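S.K.: A predicted structure for the sequence below; I have some questions about it.
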Amino acid sequence: QVHLVESGGSLVQPGGSLRLSCVASGFTLAYYGIGWFRQAPGKEREGVSCIGSYDDSTTYGDSAKGRFTISRDNVRNTVYLQMNSLKSEDTAVYYCARHLGNWAAEYWGQGTQVTVSS
């Protein structure tokens, strides 16, 4: 059974950093791309970053470019999202999912809350 579990969200001050983790089970992580998405209250869900299978190619949404870094550890079945220089507008629930391409995804985790506030 496919499961994705996010963790690492918390309250952080503007300018701070967080690292989110997405632990996968029920499938071989190396064979699949994984995406990070977020949804803020009253807003549509948006793609933040994704990492491909095999070649580890990465893509970032406009809001993440230059501040966030996605990486994967196939041995630990984990995908990470390092977020630096956080802003209040980064406040959202962050989800990981198996990425199908063009920001389409399946098998969503339950999400982890990131709140950026002083």
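M.R.: Looks like it came in fine. Residues are numbered from 1 along each chain as shown.
S.K.: Go ahead and name everything in contact with the helix or strand of the chain with the lowest mean pLDDT.
M.R.: Every helix and strand of the chain was ranked by mean pLDDT, DSSP states H and E. The lowest is strand 104-106, at a mean of 93. With contacts defined as Cβ atoms under 8 Å, 6 or more residues apart in numbering, strand 104-106 is touched by 35, 37, 97-100. Where you see a C-beta, it was placed from the backbone N, CA and C, and this is true even at glycine.
S.K.: So in terms of bridging, what pairs with Ile51?
M.R.: Note on Ile51: beta-bridge partners by DSSP bridges are Ile34, Thr58.
S.K.: coming back round to it: what are the pairing partners of the least confident helix or strand of the chain, and which direction each?
M.R.: strand 92-101 (antiparallel).
S.K.: ok so, going back, select from the contacts of strand 104-106 the one having the most neighbours.
M.R.: Within the contacts of strand 104-106, neighbour counts (other Cβ atoms under 10 Å) peak at Gly35, which reaches 27 neighbours.
S.K.: From what I see, that residue and Cys96 are in contact.
M.R.: Yes. With contact defined as Cβ atoms under 8 Å, Gly35 counts as touching Cys96 (6.8 Å).
S.K.: how near is the nearest residue to Arg67 once chain neighbours are set aside to Gly66?
M.R.: Take Arg67 and drop its neighbours on the chain: the residue closest to it by Cβ to Cβ, 6 or more residues apart in numbering is Ser85, 4.8 Å away. Here Ser85 is placed at a distance of 8 Å from Gly66 (Cβ to Cβ, to the nearest Å).
S.K.: Tell me which of those two has more neighbours.
M.R.: For Ser85 versus Gly66, the count of surrounding residues by other Cβ under 10 Å is larger for Ser85: 12 against 9.
S.K.: Please identify which helix or strand holds the residue most central in space within the chain.
M.R.: The centre of the chain sits closest to Trp36, judged by Cα atoms, centre = their mean, with a distance of 2.8 Å. Using DSSP states H and E, Trp36 sits within strand 33-39.
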